[in-house]
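**Student:** sequence and computational prediction follow.
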Amino acid sequence: MKKFFKKIKYLFEYLLVLTIIQIMGLFGISKSVNICRYLARIIGPILPVNKIAEKNLKNIFGKDFAYKAIIDQIWDNFGSFIGEIPYINKMSNEELSERVEIIGIERIKELQDAHQPFLLFTGHFANWDFALKIIDKFFPKFAI
């Protein structure tokens, strides 16, 4: 019976997320991002995971470190990510190029023209799904 209620809870959460994504899709990307940033900065600090982030930052950098500013930036970034989700597959190449900058693409093209294999390393900066759409344009056989 416990598993059944857990599945119901997950279904409810899934439907809630889908509904939020649909609603955010009505506002346009800039408004959606701003709304989600605002909400993430309000809701995030009251979630239990926020205490874990505080504890970890204090353990690493000490109690005098401005960990609250870092955590606020984390919630802001997470809100941006959530606000952008409805637009990932809707954006044109022009809109993507306004939001994403890939540095060093010319070096990758040189390797590709020379038919040399390569590994591409990147960080998780902002919404990496946008970068994947751009990389796919250059490298249709790209895999993660």
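**Tutor:** Structure's in. What do you need?
**Student:** by contact count, what packs against the helix or strand of the chain with the lowest mean pLDDT?
**Tutor:** One helix or strand of the chain scores below all others by mean pLDDT, DSSP states H and E: helix 128-138, with a mean of 74. Packing contacts for helix 128-138, counted by 3 or more C-beta pairs under 8 Å, 6 or more residues apart in numbering; DSSP states H and E, involve helix 93-99, helix 105-113. For glycine as for every other residue, the C-beta is placed from the backbone atoms N, C-alpha and C.
**Student:** tell me what angle the last one forms with helix 128-138.
**Tutor:** Read that as helix 105-113. Computed by axes from the mean of the first three to the mean of the last three C-alpha atoms, to 10 degrees, the angle separating helix 105-113 from helix 128-138 equals 40 degrees.
**Student:** any buried residues in helix 105-113, and which?
**Tutor:** For helix 105-113, a neighbour-count test (16 or more other C-beta atoms under 10 Å) marks nothing as buried.
**Student:** pLDDT weak spots in the chain?
**Tutor:** For the chain, the stretches with pLDDT under 70 are 124-125, 143-144.
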